[in-house]
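Chemist: Got a predicted structure plus its sequence, pasted below:
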Amino acid sequence: EVHLVEFGGGLVQTGKSLKLSCQASGFSFDSYAVGWFRQAPGKERQGVACFSSPDGRSYYADSVKGRFTVSTDNAKKMVFLQMNNLKPEDTAVYHCAADANGSSCLNLDNWGQGTQVTVSY
(Lines give C-alpha, C1' and ligand atoms only; values in the text may rest on other atoms or scores of the structure.)
Protein backbone atom coordinates (compact mmCIF):
# COMPACT_ATOMS: atom_id res chain seq x y z
CA GLU A 1 0.00 0.00 0.00
CA VAL A 2 1.32 3.42 -0.95
CA HIS A 3 1.87 5.89 1.87
CA LEU A 4 3.01 9.48 1.56
CA VAL A 5 3.50 11.50 4.74
CA GLU A 6 4.38 15.16 4.56
CA PHE A 7 5.97 17.30 7.22
CA GLY A 8 7.75 20.60 7.54
CA GLY A 9 4.93 23.06 6.97
CA GLY A 10 4.40 26.10 9.14
CA LEU A 11 4.02 29.85 9.36
CA VAL A 12 6.72 32.01 7.75
CA GLN A 13 7.10 35.63 6.75
CA THR A 14 7.18 36.89 3.19
CA GLY A 15 10.58 36.41 1.63
CA LYS A 16 11.62 33.58 3.92
CA SER A 17 12.29 29.93 3.08
CA LEU A 18 10.75 26.62 4.08
CA LYS A 19 11.58 23.04 3.18
CA LEU A 20 8.88 20.40 3.01
CA SER A 21 9.66 16.72 3.32
CA CYS A 22 7.68 13.65 2.34
CA GLN A 23 8.33 10.10 3.47
CA ALA A 24 7.23 7.64 0.80
CA SER A 25 6.63 3.92 1.10
CA GLY A 26 4.87 1.12 -0.71
CA PHE A 27 6.35 1.59 -4.16
CA SER A 28 9.68 1.31 -5.91
CA PHE A 29 12.13 4.19 -6.20
CA ASP A 30 13.86 2.54 -9.15
CA SER A 31 11.77 4.40 -11.72
CA TYR A 32 9.25 6.89 -10.46
CA ALA A 33 7.63 10.27 -10.65
CA VAL A 34 7.02 12.29 -7.50
CA GLY A 35 5.89 15.80 -6.93
CA TRP A 36 3.89 18.34 -5.02
CA PHE A 37 0.44 19.85 -5.39
CA ARG A 38 -1.12 22.65 -3.38
CA GLN A 39 -4.63 23.80 -2.67
CA ALA A 40 -5.66 27.08 -1.13
CA PRO A 41 -9.13 27.73 0.30
CA GLY A 42 -11.60 28.47 -2.47
CA LYS A 43 -9.07 27.73 -5.20
CA GLU A 44 -8.47 24.80 -7.50
CA ARG A 45 -5.72 22.32 -6.85
CA GLN A 46 -2.48 23.35 -8.52
CA GLY A 47 0.47 21.22 -9.57
CA VAL A 48 3.58 22.84 -8.15
CA ALA A 49 6.52 20.62 -9.03
CA CYS A 50 7.35 17.17 -10.28
CA PHE A 51 10.48 15.08 -10.73
CA SER A 52 10.61 12.17 -13.15
CA SER A 53 13.46 9.75 -12.54
CA PRO A 54 13.81 8.18 -16.01
CA ASP A 55 14.83 11.44 -17.63
CA GLY A 56 15.99 13.17 -14.47
CA ARG A 57 13.95 16.25 -15.27
CA SER A 58 12.00 18.51 -12.98
CA TYR A 59 8.90 20.45 -13.92
CA TYR A 60 7.49 23.51 -12.19
CA ALA A 61 4.44 25.72 -12.28
CA ASP A 62 5.26 29.13 -13.72
CA SER A 63 4.32 30.77 -10.44
CA VAL A 64 7.11 28.98 -8.54
CA LYS A 65 9.87 28.69 -11.15
CA GLY A 66 13.16 29.99 -9.81
CA ARG A 67 11.89 29.87 -6.22
CA PHE A 68 10.97 26.22 -5.58
CA THR A 69 13.12 23.12 -6.06
CA VAL A 70 11.96 19.51 -5.90
CA SER A 71 14.49 16.84 -4.96
CA THR A 72 14.66 13.27 -3.74
CA ASP A 73 16.73 10.96 -1.57
CA ASN A 74 16.29 7.57 -3.20
CA ALA A 75 17.94 5.61 -0.40
CA LYS A 76 15.54 7.01 2.18
CA LYS A 77 12.55 7.27 -0.19
CA MET A 78 12.17 10.91 0.64
CA VAL A 79 10.84 13.75 -1.49
CA PHE A 80 11.60 17.37 -0.71
CA LEU A 81 10.33 20.77 -1.76
CA GLN A 82 12.65 23.67 -1.04
CA MET A 83 10.66 26.89 -1.14
CA ASN A 84 12.53 30.19 -1.23
CA ASN A 85 11.35 33.79 -1.38
CA LEU A 86 7.91 32.78 -0.21
CA LYS A 87 4.94 35.00 -0.99
CA PRO A 88 1.51 35.25 0.65
CA GLU A 89 -0.03 33.68 -2.47
CA ASP A 90 1.98 30.53 -1.72
CA THR A 91 -0.25 29.93 1.30
CA ALA A 92 -1.95 26.56 0.85
CA VAL A 93 -2.05 22.94 1.94
CA TYR A 94 0.80 21.18 0.18
CA HIS A 95 0.40 17.53 -0.78
CA CYS A 96 3.12 15.12 -1.78
CA ALA A 97 2.11 12.94 -4.73
CA ALA A 98 3.49 9.98 -6.63
CA ASP A 99 2.95 7.77 -9.63
CA ALA A 100 3.32 4.49 -7.78
CA ASN A 101 2.96 2.29 -10.87
CA GLY A 102 5.04 4.22 -13.35
CA SER A 103 7.09 7.34 -13.82
CA SER A 104 4.78 9.94 -15.32
CA CYS A 105 4.28 13.41 -13.92
CA LEU A 106 0.87 13.27 -15.59
CA ASN A 107 -0.19 10.36 -13.39
CA LEU A 108 0.49 11.47 -9.80
CA ASP A 109 -2.55 9.69 -8.43
CA ASN A 110 -1.31 8.81 -4.94
CA TRP A 111 -1.51 11.61 -2.37
CA GLY A 112 -0.51 12.37 1.16
CA GLN A 113 -2.71 14.12 3.71
CA GLY A 114 -0.94 17.41 3.24
CA THR A 115 0.87 19.99 5.34
CA GLN A 116 -0.19 23.60 5.83
CA VAL A 117 2.07 26.40 4.65
CA THR A 118 1.09 29.93 5.66
CA VAL A 119 3.03 32.96 4.47
CA SER A 120 2.33 36.17 6.33
CA TYR A 121 2.78 39.70 5.02
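Modeler: Ah, there it is.
Chemist: Next, name the residue at the spatial heart of this structure.
Modeler: Taking Cα atoms, centre = their mean as the criterion, Trp36 is the residue nearest the geometric centre of the chain, at 2.4 Å.
Chemist: what helices or strands is the strand or helix carrying Thr69 leaning on?
Modeler: Assigned by DSSP states H and E, Thr69 falls within strand 68-73. Packing partners of strand 68-73 (3 or more Cβ pairs under 8 Å, 6 or more residues apart in numbering; DSSP states H and E): strand 33-39, strand 46-52, strand 57-60, strand 78-83. (Glycine included, C-beta is placed from N, CA and C.)
Chemist: May I see the buried residues of the shortest one?
Modeler: Translated: strand 57-60. Going by neighbour count (16 or more other Cβ atoms under 10 Å), the buried part of strand 57-60 is Ser58, Tyr59, Tyr60.
Chemist: now swap in stretch 75-82 and tell me
Modeler: Going by 16+ other Cβ under 10 Å, stretch 75-82 has these buried residues: Lys77, Met78, Val79, Phe80, Leu81.
Chemist: what does it rub up against?
Modeler: For stretch 75-82, contacts defined as Cβ atoms under 8 Å, 6 or more residues apart in numbering pick out 4, 17, 19-25, 29, 34-36, 48-49, 51, 68-73, 94, 96, 98.
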